[in-house]
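[1] What would the 3D arrangement of this be:
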Amino acid sequence: MSSYFDHNSTTPRNSAAWPAMNAVGPHPSWATHPRHARPWRGRFGHSAGYWIVATAFLMNMAMSAVPTPLYVLYQQRDHLSSLMITVIFAVYAGGVITSLFLAGHVSDWLGRRRVMVIGLLVNALSALVFIVAPSLAGLIVARVISGISVGLVTATATAYLAELHARAHPDANGRRAQVIAIFVNLGGIGLGPLIAGLLAQFAPAPLVLPYLITGLVLVALATFVLASPETVTPPSEHVQWHPQHVAVPAAARGRYFAGAIAGLTAFSVFGVFSSLVPHFLAGSLGSSSHLLAGAVAFCAFAAGALAQVALSPLRTSAMLRTSVPVLIAGLAMLVTGIWFATLVVFIIGGIATGAGAGLVFRGAMVRAGEGAATSSRAEVMAGFFLASYIGLSLPVIALGVILNYVAARGAILAFATVAALAIVVSVKSIVTDPVDDTVHDREAIDVRR
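    Residues are numbered from 1 along each chain as shown. Take a look at the predicted model:
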């Protein structure tokens, strides 16, 4: 979910993902190497490579969300509680966090192509584990591996897309690369449940076929990425590995922490759609359709992606002000749909909630990074995403615990109330903090040229 990062938060300060600050090119030895010696590697041009990487990014995120409509089947097979389902989901977030901060920036010196291919193959490995280890332990291991892949690919693909676009269209300002990165991140997370739900509903082996298909697609896409051009110049000297640094801007701590809380809350909303929506559909709304479970998750994430793209011309403060009523209305409809067992209201609420959460996250991310100097922006944004991924796990676990003691109606009401209050308070703090939107928007555009 982090690839629509306005400031490429997961790469360090010397990252090649900032074309205006660090122009890069293929290593001379690569550029002059006879093509017949490496007939496959670098076969595609920058424009084709751009779309290949975008497609690979989309499918990698889709694979990470394939289990969403299948959790009900896992509950039946392994006799899992709602709490255990949320724990399985939470270990995925732990894998993402670990990967982002330990390896999300290594493509700056190992190369985008190499790390991208590794990330895709790691997720293909997670698909294999889902198939060959049909147990609770297998689920946990597979989810951790998938999270590691997402951390690698999200950071790398965001930078890779920006650089490939800059090479293919040197006169463009990079806006298309940003829009595509936004869409494939959230759109991919929505596509995975839709594919899995469709296959589980109408095809045999619902706990095998979705992983087999997406795993094979990832392997195929890895070979095409391998044939795409590299965009990073390898350093002339050995680079000593270090974890991604985390920092908080002293000059804007109030705005930063408010943005982090808003990001945490937005991710907690998305976490519910990635883990517990099938439980609500089956338990409170009387629907056991795997396709419907996947479609509801797809609609929420697709709405978040489309809302960000559609409202991207707005200033940050206007986007945040728009997001709050949309998100609160969506949460209210989710609660209403569960309390009165009204499926249509629940689905509409999911769409509105997804759109509002997407806008909240985008606006909070931009504002959280405004107080950072250019040289430390990656470290600052790393802290923001740490808070966001905590939101993807801990609140969902808490909701899973509550579901063991109270009915779904009370649990969703409690969650929606806390989420709405957190969003109102944090967004109000962000938008009332004096910031010149015009200056920020201009600087953001300049960076992506």
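[2] Tell me the helix or strand right after whichever helix or strand residue 349 is part of.
    For residue 349, the host element (DSSP states H and E) is helix 343-368. For helix 343-368, the following helix or strand on the C-terminal side (DSSP H and E) is helix 377-403.
[3] Could you tell me the angle between that following helix and helix 343-368?
    Interaxial angle of helix 377-403 relative to helix 343-368 (axes from the mean of the first three to the mean of the last three C-alpha atoms, to 10 degrees): 150 degrees.
[4] Pull the residues that contact whichever helix or strand comes after helix 377-403.
    Toward the C-terminus, helix 377-403 is succeeded by helix 408-432 as the next helix or strand (DSSP H and E). Identification of contacts with helix 408-432 by C-beta atoms under 8 Å, 6 or more residues apart in numbering yields 254-255, 258-259, 261-262, 264-266, 268-269, 272, 279-280, 283-284, 317, 320-321, 323-324, 327-328, 331-332, 334-335, 338-339, 360, 363-364, 367, 395, 399, 402-403, 406. Every C-beta, even on glycine, is put in place using the N, C-alpha and C of the backbone.
[5] now do 7 Å
    With contact meaning C-beta atoms under 7 Å, 6 or more residues apart in numbering, helix 408-432 is reached by 254-255, 258-259, 261-262, 265, 268-269, 280, 283-284, 317, 320-321, 324, 327-328, 331, 334-335, 338-339, 360, 364, 367, 399, 402-403.
[6] can you state the direction angle for that helix and helix 343-368?
    30 degrees.
[7] Could I get the buried residue list for helix 408-432?
    By neighbour count with 16 or more other C-beta atoms under 10 Å, helix 408-432 contains the buried residues 408, 411-413, 415-416, 419-420, 422-423, 426-427, 429-431.
[8] from the chain's centre, how far out does it sit?
    21 Å (C-alpha atoms, centre = their mean, to the nearest Å).
[9] same thing with stretch 94-109?
    On the basis of C-alpha atoms, centre = their mean, stretch 94-109 sits 14 Å off its chain's mean C-alpha point.
[10] so how far is residue 274 from residue 286?
    According to C-beta to C-beta, to the nearest Å, residue 286 and residue 274 sit 22 Å apart.
[11] shaky segments in the stretch 101-250 of the chain?
    Within the stretch 101-250 of the chain, the stretches with pLDDT under 70 are 174-175.
[12] what about the helices in it?
    Counting by DSSP state H, counting those that start in this stretch, the stretch 101-250 of the chain has helices at residues 107-110, 112-132, 136-168, 175-202, 209-226.
[13] And the longest one, what's buried?
    Judged by neighbour count using 16+ other C-beta under 10 Å, the buried positions of helix 136-168 are 136, 139-168.
[14] Could you do stretch 114-123 as well?
    Under 16+ other C-beta under 10 Å, the buried positions of stretch 114-123 are 114-120, 122-123.
[15] more crowded one of residue 286 and residue 274?
    residue 274 (27 against 9; other C-beta atoms under 10 Å).
[16] so which helix or strand takes in the more buried one?
    If you go by DSSP H and E, residue 274 is part of helix 253-275.
[17] by how many degrees do that helix and helix 377-403 diverge?
    Using the same axes, to 10 degrees, helix 253-275 lies at 50 degrees relative to helix 377-403.
[18] which helices and strands sit right next to helix 253-275?
    With contacts taken as 3 or more C-beta pairs under 7 Å, 6 or more residues apart in numbering; DSSP states H and E, helix 253-275 sits against helix 82-103, helix 290-310, helix 343-368, helix 377-403, helix 408-432.
[19] Could you tell me the least trusted of those?
    Ranked by mean pLDDT, these bottom out at helix 377-403, with a mean of 82.
[20] Check which helices and strands that one is in contact with.
    Helices and strands touching helix 377-403, by 3+ C-beta pairs under 7 Å, 6+ apart, are helix 82-103, helix 253-275, helix 408-432.
[21] Could I get those in JSON lines, plus columns for distance to residue 355?
    Shown next, in JSON lines, are those (distance: least, C-beta to C-beta, whole Å):
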{"stretch": "helix 82-103", "distance to residue 355": "22"}
{"stretch": "helix 253-275", "distance to residue 355": "11"}
{"stretch": "helix 408-432", "distance to residue 355": "13"}
